[in-house]
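>>> Pasting the sequence and the predicted model now:
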Amino acid sequence: MFCAALMAAIFVSANVQATDWEVLFDGKNLDAWDYHSGVWEISGQGELHPVKRGPSIFTKKRYCDFVLELDVRMATEKKSNSGVSIRVHDRNKEIVTGMEVQILDNTGYGVLFNAGNANGALYNLARPSVEANKPVSDWQHFKITADKNLVTVQLNGKQIVKADLDQWGTVGKNPDGGHNSFPYAVGTLPREGFICLQNYNASPVWFRNIKLQRLGDRQPKHTGQEPIDQILEKVSPITPMP
């Protein structure tokens, strides 16, 4: 009797913690996205990529807590520069109302793996802690987790970034004493929003196998139309990260 009850509790807990995977891009269509036709296209190999300069591409839905997985490939003949932005509130202001996981040809740009703008960095906020890059022409696998105040990035199976957003309580300042260019304390940004794939001047980059698993039961409260400065959140008292 006790075992049965325990198993039932574990089952319920598991269902509360995570849902089934939601396919955002499987190489066949862009039904999950808002995009400009002729700017983003699907290649004959089922890879999503920007073909000319223009807007970034955004999910139609907003998400709170989730695990996002995707594969990214960069070019060998030309330097690649892009990003995956999460929890973007305003799609017209993606840079300052969301957080970007950088996609970059480190070698082509002469950037060290642990630079603030290196591949896999939480751009301008948290540097990669270990080297995890494959050769630039290989597919790189990203696993980005946003769970309430905690954001982590895994690159090719290695955790390279761990950021507790509650540590970002001061405008323009990172917990390590460095500076960022956000006009708001990053920890006060809404912990929900759109997912965005960046179009950086049609820089050559390809995406495939994009999927998302929701965590917990929080639901978006906003539409993206609200002025960002009216919905900034309070940050818990700053405590050292474990």
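Structure received. All values derive from a computational prediction rather than experimental measurement.
>>> For the rest of this, base every contact and every neighbour count on C-alpha atoms.
OK.
>>> tell me the centre residue of this protein?
Nearest to the geometric centre of the chain sits Ile86, at 3.9 Å (C-alpha atoms, centre = their mean).
>>> Tell me how many other residues surround the residue nearest to that residue when sequence neighbours are not counted.
Nearest residue to Ile86 in three dimensions, chain neighbours excluded: Ile195, at 4.7 Å (C-alpha to C-alpha, 6 or more residues apart in numbering). Using other C-alpha atoms under 10 Å, Ile195 has 26 other residues around it.
>>> ok, Ile195 to Leu112 distance?
With distances taken as C-alpha to C-alpha, to the nearest Å, Ile195 is found 27 Å from Leu112.
>>> Checking Gly108 next. Helix, strand or coil?
helix (DSSP: H, G, I helix; E, B strand; the rest coil).
>>> Spatially, and excluding backbone neighbours, which residue is closest to it.
Lys79 (5.5 Å).
>>> top strand in the chain by residue count?
strand 205-215 (DSSP state E).
>>> helices or strands next to that strand in the packing?
For strand 205-215, the packing partners by 3 or more C-alpha pairs under 8 Å, 6 or more residues apart in numbering; DSSP states H and E come out as strand 18-25, strand 48-50, strand 66-74.
>>> Remind me what whatever helix or strand comes next after the shortest one packs against, helices and strands.
Pointing back at strand 48-50 there. Sequence order places strand 57-59 as the next helix or strand after strand 48-50, per DSSP states H and E. Contact here means 3+ C-alpha pairs under 8 Å, 6+ apart; on that basis strand 57-59 packs against strand 33-34, strand 194-197.
>>> need those strands in JSON lines with distance to Val101 and mean pLDDT, can you?
Output for these, formatted as JSON lines (distance: least, C-alpha to C-alpha, whole Å; pLDDT from 0 to 100):
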{"stretch": "strand 33-34", "distance to Val101": "19", "mean pLDDT": "98"}
{"stretch": "strand 194-197", "distance to Val101": "10", "mean pLDDT": "98"}
